[in-house]
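Enquirer: Kindly generate the corresponding structure for this input.
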Amino acid sequence: MKGMTFLDKIKQKFWRWIYSFFPSLQKWLLKTHLIWHEKGRQKYHIGWLAHGRTLEELKKHLHQKWGFGNHFVAWTDDGQVLSWRKLLDFQDQYHLRVFSDGEIRGHYELTPEAHPIAHFEEKGETHCQKEFVKFLGDFVTDKKPKNMHLTMDPNAWNPDSEITIDQVKN
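Expert: Prediction:
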């Protein structure tokens, strides 16, 4: 884990304040077209939710075994039902998305808190297929499921599931 610089600690305090109203701000920025967000899904296909597995089971597995949690500061892609991240430190994270048809996508990236502009421009994103397959275990398959229709995570905006930079050790 990388140590935090003085500037990182200032950014961390700033984001603690922003977290309280960020979802509303994000919706307003998109609605007023002050920020443009591409439609569709981000790249970095990992696989599909395995037959017989549920979104709830996947969340429990990712949270308990790997420390993933709600990434409420992320943009929402079309058809997305889950957006979770695993913080490595203040600078870096793994970001995983699950979609209504069971597709799982994920990538390694800079955190939006430490690098808001570079994060927005998707600088430093990498696929990391091997790491995600390890995190997902037998929850992921390369076979597309038939007739899968997952619904939005009911706890998507639940503060108890959020993984914020407050959990990063100084």
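Enquirer: Any regions of this protein where pLDDT drops low?
Expert: Per-residue confidence of the chain (counting by pLDDT under 70) places the weak regions at 1-2, 19, 21-38, 73, 153-170.
Enquirer: can you map out the helices along it?
Expert: Taking DSSP state H as the test, the helices found in the chain are 6-19, 22-31, 55-66, 116-120, 129-136.
Enquirer: Dump the ones you listed into CSV; add mean neighbour count as well.
Expert: To be clear about C-beta, it is placed using only N, CA and C from the backbone, and glycine gets the same treatment. Shown next, in CSV, are the helices of the chain (neighbours: other Cβ atoms under 10 Å):
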stretch, mean neighbour count
helix 6-19, 13
helix 22-31, 12
helix 55-66, 16
helix 116-120, 14
helix 129-136, 16
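Enquirer: now those as CSV including distance to residue 100?
Expert: Below are those laid out as CSV (distance: least, Cβ to Cβ, whole Å):
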stretch, distance to residue 100
helix 6-19, 27
helix 22-31, 20
helix 55-66, 10
helix 116-120, 25
helix 129-136, 18
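Enquirer: looking at these, which is closest to residue 91?
Expert: With Cβ to Cβ as the criterion, residue 91 lies closest to helix 6-19 of these, at 7.8 Å.
Enquirer: Can you spell out which helices and strands pack onto that closest one?
Expert: Identification of packing neighbours for helix 6-19 by 3 or more Cβ pairs under 8 Å, 6 or more residues apart in numbering; DSSP states H and E yields no helix or strand.
Enquirer: quick one: that helix to chain centroid distance?
Expert: 19 Å (Cα atoms, centre = their mean, to the nearest Å).
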